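**Q** What follows is a protein structure lacking sequence information:
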Ligand code: NIG
């Protein structure tokens, strides 16, 4: 059944068509069969009138730790009172995740995925990294593959308490990688003081690459860790966080294809300085925006909040932030320009879109904090924004 969607006050496409007003589109078989001015819309089997709302591509959330257990709100409260964020808090979530049953982990991950969908997210990545032994990482990878579109192997999140560093790196590059690689598209490493140094990170990334995985790095979150330089040197698909960038890091990102993924909700929750988003865009770097949903440093699925923050506090324009949270996320996942590309609305492409209770996407930043989501369409299937 084809469906003609009318009453679109503003349609953001992220294609050569740009942003249309008074538009319509046709959805058929989970794909966009037509889009353009409402006056030229073809007939279809059924009709859906959106009553003057804005439509834009669904969010592509390229960084999350969706499969986890436990609550770290006490640590959050301490941080808001001035205690610094430290990588070691990860072990609390590891303990809770190991103690949870498969059913509990799956139920929580599904709840978060459904929450994200109601908020307009149509593509979501999920990382392992709260298992940190072969059995637990495999379990987290399996559950991540059930709830997320793209899985990233992050056995190198931290060295677990009590483990010998060298033996743990051997495990991450050996038996653990062998157990998880079938579920994952990317290998990632937390290259940071308190986690892994540059040489350990390089070894872990190269082992992942040898197993056929593309590369991601958690880099320069808490200081100038060398993670950004390493990511660019190795041709990583993305380097995420980027809070502390030297001039050389900025130049390296600007002259590479490595996507700089910004995580505004995490920056607020950990009281880290924001990355130089304006400078990155002005220098020509490719920028993505993601939620970093996890119970420790960023417990939100709201891409709308991240976009509003990037505009209101990081000096991106609304158009730049929308692009970063859709096409930028797709690039960070290697999903732009592929047959199953996401982040754009184009004829023949996936019908993954979101509808706002507003006439323009600019209301996402103009009316911050207001629940503006009306519905999400995922592969042609409509989901109401109200639970
Ligand atoms: O992306 N930075 C490292 N990993 C997560 C934090 C996880 C945690 O604190 O539990 C992040 O922010």
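**A** Done, it's in. Everything numeric in this text was worked out from a predicted model, so none of it was measured. Numbering: from 1, shown residues only.

**Q** What residues does the chain have near the ligand?
**A** Proximity of the chain to the ligand, by C-beta under 6 Å from any ligand atom, involves residues 65, 89-90, 93, 190, 218, 221, 266, 292, 294, 296-298. (C-beta placed from N, C-alpha, C; glycine too.)

**Q** Redo those as TSV? Include distance to residue 44.
**A** Output for the residues of the chain next to the ligand, formatted as TSV (distance: C-beta to C-beta, whole Å):
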residue	distance to residue 44
65	40
89	52
90	50
93	47
190	48
218	45
221	48
266	42
292	39
294	41
296	46
297	45
298	41
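
**Q** top of those residues by neighbour count?
**A** The residue in the residues of the chain next to the ligand with the most neighbours, by other C-beta atoms under 10 Å, is residue 218 (32 neighbours).

**Q** and that one, what helix or strand is that in?
**A** strand 214-219 (DSSP states H and E).

**Q** Of the residues of the chain next to the ligand, which belong to strands?
**A** 190, 218 (DSSP state E).

**Q** Could you measure from the closest residue to the ligand within the stretch 51-200 of the chain over to residue 355?
**A** The nearest approach of the stretch 51-200 of the chain to the ligand comes at residue 90, 4.3 Å away (C-beta to the nearest ligand atom). To residue 355, residue 90 is 37 Å away according to C-beta to C-beta, to the nearest Å.

**Q** OK, now which residue of this protein is nearest to the ligand?
**A** Closest point on the chain to the ligand, by C-beta to the nearest ligand atom, is residue 296, at 2.6 Å.

**Q** which residues touch that residue?
**A** Each residue near residue 296 by C-beta atoms under 8 Å, 6 or more residues apart in numbering is listed here: 72, 75, 89-90, 92-93.

**Q** Give me the phi and psi for it.
**A** Main-chain dihedrals, residue 296, degrees, to the nearest 10: phi -90, psi -60.

**Q** Next, work out how far apart residue 98 and residue 145 are.
**A** Applying C-beta to C-beta to residue 98 and residue 145 gives a distance of 19 Å.

**Q** Ignore what I typed, I meant residue 101.
**A** With C-beta to C-beta as the criterion, residue 101 and residue 145 are 18 Å apart.

**Q** With residue 298 instead?
**A** 22 Å.

**Q** can you pull out the helices in the stretch 151-300 of the chain?
**A** Ranges of helices in the stretch 151-300 of the chain, per DSSP state H, counting those that start in this stretch, are 165-173, 175-180, 198-210, 227-233, 247-254, 264-270, 277-283.

**Q** most tightly surrounded among those?
**A** Across the helices of the stretch 151-300 of the chain, averaging neighbours per residue (mean count of other C-beta atoms under 10 Å) puts helix 227-233 on top, at a mean of 24.

**Q** Let's test this: mean pLDDT of that helix, rounded?
**A** For helix 227-233, the mean per-residue pLDDT is 98.

**Q** Not counting its neighbours along the chain, what's nearest residue 331?
**A** residue 259 (5.1 Å; C-beta to C-beta, 6 or more residues apart in numbering).

**Q** Poorly predicted segments of this structure, please.
**A** 387 (pLDDT under 70).

**Q** mind giving me the domain split of it?
**A** With domains defined by automatic domain parsing, the chain comprises 3-58+344-384, 59-332.
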